[in-house]
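let's see this in three dimensions:
(one chain, ligands or ions: 2)
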Amino acid sequence: MIERFDPLKGERLQILNEAGEVRADLEPALPGEELRRMFGHMVRARAADAKALKLQRQGRLGTYASSRGHEACQVGTASAMDGTDWLFPYFRDLGTYITLGYPLEDYFHYWMGNEAGIRTPEGLNIYPFAIPVASQILHAVGAGMAANYRKLKIAVVATFGDGATSEGDFHEAMNFAGVFKTPNVFVCYNNQFAISVPRSRQTASATIAQKAVAYGFRGVQVDGNDILAVYGAAKEAAQNARSGGGPTLIEAYTYRMGDHTTSDDAARYRTKDDVLEWEKKDPVARFQIYLKKKGLWDEAYEKEVQEKAAEAVEKAVAAAEAKPPASVEDLFAFTYAAMTPNLKEQLTGVAASAKEAAR
Ligand SMILES: Cc1ncc(C[n+]2csc(CCOP(=O)(O)OP(=O)(O)O)c2C)c(N)n1
Ligand SMILES: [Mg+2]
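Numbers count the residues shown, from 1 in each chain. Ligands and ions are numbered 1, 2, ... in the order given. So this is what the prediction gives:
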């Protein structure tokens, strides 16, 4: 399917359009139960995201990067992964985490200021998400090379934004992936902005997907608000990776519906009209129409899904808030295996002022 859409010709894979109509020839054969599960993850991601923004405003959570509008990218990608695959995510991956079964309370705990929240529990193949833009793409390629050495039939997925494609790390990672034919799936959430910098200032290429061509592997642009397109492309790319076919770059064309983070005000660099236009492409609403047409959705079901999501979110927040706060030592403890004299000195100073402040 991927090969049928040439990024150099400006072709974009879309299976489910804005009216909820589906291209039957490309529609993934997913059982109703799985479709409903995916919808549930999207709803839960949106509910958790809205809650995180509220908590931040109440001073109960730190700076937060909203995932609103990225639900199809995130849930679609994660739904295409097998239990033995690996994920190298970034800071805007709430739906991906939820889909892979990461404890939501830990996710909140991280954004509440405790790094312990992104120490992945045993059994889940998720690297701690990257804050340094694009660094995770190199890590993912390293893991892909390791999988090749060890002859593991797994896919290693890296997610990142459009802004990440301007980093040297991105290009080095793509180059190694192409040369060593690593089992990677690169999913770029092109949400049109890197903080305030628009996509047009990020690259002179017509698409991000076409960059793959220069590195000698496949690239495809998909409608990032269409979960069936993201899922279909990611599934095919992952199977290709597992069977020795090498890497794929997927550009999921979407829009960041919220501010970059709670420290940003997007109204300063984009118009309300643009946001309203994208509101019409909402990934959750679109998938809902699809389910309804398939007889998998009605008001009662919606109510049940929303209630379940709200309940899970409230439970997770309560559990996260019940955890002990991070200790000052944590700020220093993990940079090196053993603390350097400089760090020890700084820790003594910070600990003393923290004690002072507590008095
Ligand atoms: C190496 C590095 N440079 C700069 C930053 C500051 N920064 C954080 S997010 C961001 C923009 C990222 O944009 P994009 O890759 O499109 O992802 P998005 O936030 O849109 O999901 C920048 C510049 C950083 N975290 N790391
Ligand atoms: Mg972006």
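
C-alpha only now, for contacts and for neighbours.
Will do.

would you map the strands across the stretch 1-150 of the chain?
Secondary structure of the stretch 1-150 of the chain by DSSP state E, counting those that start in this stretch: the strands cover 12-13, 86-88.

just give the nearest non-adjacent residue to the residue positioned nearest the centre of the chain, would you?
Nearest to the mean C-alpha position of the chain, by CA atoms, centre = their mean, lies Asp93 at 2.9 Å. With CA to CA, 6 or more residues apart in numbering as the criterion, Asp93 has its nearest non-adjacent residue at 6.2 Å, and that residue is Gln74.

show the contacting residues for that neighbour.
Going by CA atoms under 8 Å, 6 or more residues apart in numbering, Gln74 touches Asp93, Leu94, Gly95, Thr96.

between those residues, which is nearest Lys281?
Gly95 (17.8 Å; CA to CA).

what residues does this structure put near ligand 2?
For the chain, the residues in contact with ligand 2 under the definition CA under 5 Å from the ion are Gly161, Asp162, Asn191, Phe193, Ala194.

what pLDDT does the model give the third one?
Listed pLDDT for Asn191 reads 98.

now Ala78, nearest residue through space, not along the chain?
Once flanking residues are discounted, Ala78 sits nearest to Thr96: 5.3 Å by CA to CA, 6+ apart.

of the residues of the chain next to ligand 2, which are in range of ligand 1?
Of the entries in the residues of the chain next to ligand 2, the ones placed beside ligand 1 under the rule of CA under 6 Å from any ligand atom are Gly161, Asp162, Asn191, Phe193, Ala194.

of these, which belong to strands?
Counting by DSSP state E, the part of those found in strands is Gly161, Phe193, Ala194.

now do the contacts for the first one.
Looking back up the chat, that one is Gly161. Residues near Gly161 by CA under 8 Å, 6+ apart: Cys188, Tyr189, Asn190, Asn191, Ala194.

also the last one?
For Ala194, the set of contacting residues under the criterion of CA under 8 Å, 6+ apart consists of Gly161, Asp162, Gly163, His260.

returning to that earlier point: verify the stated contact: the residue nearest to Ala78 with Ala80.
No - the pair Thr96 / Ala80 is not scored as a contact, 10.6 Å apart, by CA atoms under 8 Å.

give me the more crowded residue out of those two.
Taking neighbours as other CA atoms under 10 Å, Thr96 and Ala80 compare with Thr96 leading, 27 against 18.

per-residue pLDDT, the more buried one?
According to the prediction, Thr96 has pLDDT 98.

one more: the one 5 residues further on?
The model reports Gly101 with a pLDDT of 98.

burial count for the residue of the stretch 201-350 of the chain found nearest ligand 2?
The nearest approach of the stretch 201-350 of the chain to ligand 2 comes at Arg256, 7.2 Å away (CA to the ion). Applying the criterion other CA under 10 Å, we find 21 residues in the vicinity of Arg256.

mind listing what it touches?
Ser67, Arg68, Gly69, His70, Asn191, Gln192, Phe193.

go with 6 Å
Gly69, Asn191 (CA atoms under 6 Å, 6 or more residues apart in numbering).

so which helix or strand takes in it?
Taking DSSP states H and E as the definition, one finds Arg256 inside no helix or strand.

which parts of this structure sit against ligand 1?
By the rule CA under 6 Å from any ligand atom, the part of the chain lying against ligand 1 is 92, 131-133, 160-164, 191, 193-195, 260.

switch the cut-off to 8 Å
Near ligand 1, the residues belonging to the chain are 65, 91-92, 131-135, 160-165, 167, 189-195, 256, 260 when assessed by CA under 8 Å from any ligand atom.

which of those are buried?
65, 91-92, 133-135, 160-165, 189-194, 256, 260 (16 or more other CA atoms under 10 Å).

tell me where the stretch 201-350 of the chain has strands.
Listed in chain order (using DSSP E, counting those that start in this stretch), the strands of the stretch 201-350 of the chain are 218-223, 248-253.

so how far is Gly10 from the residue nearest to Ala78?
With distances defined as CA to CA, to the nearest Å, the gap from Thr96 to Gly10 amounts to 27 Å.

what domains does the record give for this protein?
2-325, 327-359 (automatic domain parsing).

out of these, indicate the one that is most buried.
When you average the neighbours per residue for each of the domains of the chain (mean count of other CA atoms under 10 Å), domain 2-325 leads with a mean of 20.

looking at the chain, which helix or strand is least sure?
Considering only helices and strands, the least confidently modelled element of the chain by mean pLDDT, DSSP states H and E is helix 330-333, at a mean of 84.

which elements pack onto that one?
Helices and strands touching helix 330-333, by 3 or more CA pairs under 6 Å, 6 or more residues apart in numbering; DSSP states H and E: there are none.

now with 8 Å, please.
helix 341-358 (3 or more CA pairs under 8 Å, 6 or more residues apart in numbering; DSSP states H and E).

what's the helix it packs on packed up against?
Based on contacts counted as 3+ CA pairs under 8 Å, 6+ apart, the elements that helix 341-358 packs against are helix 330-333.
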